[in-house]
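Enquirer: Need coordinates for the following:
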Amino acid sequence: SVQMQPSLLPQLLQQLGRTDPELLNLINANQNEFVALMNEPVTQEDFNTALQQVQASQQGMPGLGGGPPAAAPHQLRVTAAEMEQIRRLEEIAVPLGLDRQAVLEAWLACDKDEQLAANYLLNNQDDIREGRP
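Expert: Numbering: from 1, shown residues only. Below is the predicted model:
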């Protein structure tokens, strides 16, 4: 769960952006409410019910356990200004022990908002490092 491993949030939001961009836009427009919702306690029963619902919805969906593996990661084209944002985020993150992948995931999950991505990286650096091999 994301509550147990907040470092999963950028990947979750990135996947959500591919599968349901409208929902991701809603989350981005209501970030405070989303954070409050994500921080609500979840009982084991609630978690098991949600897990069963997700597993049932994934039956036969490619890349989600029910079909062939997902395609290789996509290449991302960025503008010079976006590359500069990524470079500045790396200047903050790399000395903290975070890699470029973490920077890119945070930047994309935060809808390319440099300040939001920097805050996410700084506030979650321990969890991000723990989630890396």
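
Enquirer: Worst mean pLDDT across the helices and strands of this protein, which element?
Expert: Between all helices and strands in the chain, the lowest mean by mean pLDDT, DSSP states H and E belongs to helix 44-58, at a mean of 66.

Enquirer: model confidence over the following helix or strand past that helix, on average?
Expert: Per DSSP states H and E, the first helix or strand lying C-terminal to helix 44-58 is helix 80-93. For helix 80-93, the mean per-residue pLDDT is 91.

Enquirer: I'd assumed residue 111 was in contact with residue 28.
Expert: Yes - under the criterion of Cβ atoms under 8 Å, residue 28 makes contact with residue 111 at 5.2 Å. No exception for glycine: its C-beta is placed from N, CA and C like everyone else's.

Enquirer: Can you tell me how far the residue lying farthest from the centre of the chain is from residue 52?
Expert: Centroid-distance maximum for the chain: residue 45 at 24.5 Å, with Cα atoms, centre = their mean. The spacing between residue 45 and residue 52, counted by Cβ to Cβ, to the nearest Å, is 11 Å.

Enquirer: what stretches of the chain score poorly on pLDDT?
Expert: 1-4, 42-44, 47-48, 50-51, 53-75, 132-133 (pLDDT under 70).

Enquirer: since we're on residue 20, how many residues are nearby?
Expert: Using other Cβ atoms under 10 Å, residue 20 is surrounded by 12 other residues.

Enquirer: Ramachandran angles for it?
Expert: phi -150, psi 70 (degrees, to the nearest 10).

Enquirer: For it, give its distance to residue 131.
Expert: 23 Å.

Enquirer: do the same with residue 89
Expert: Distance of residue 89 to residue 131, given as Cβ to Cβ: 18 Å.

Enquirer: ok, now residue 82?
Expert: 25 Å.

Enquirer: Check residue 18 too.
Expert: Here residue 18 is placed at a distance of 20 Å from residue 131 (Cβ to Cβ).
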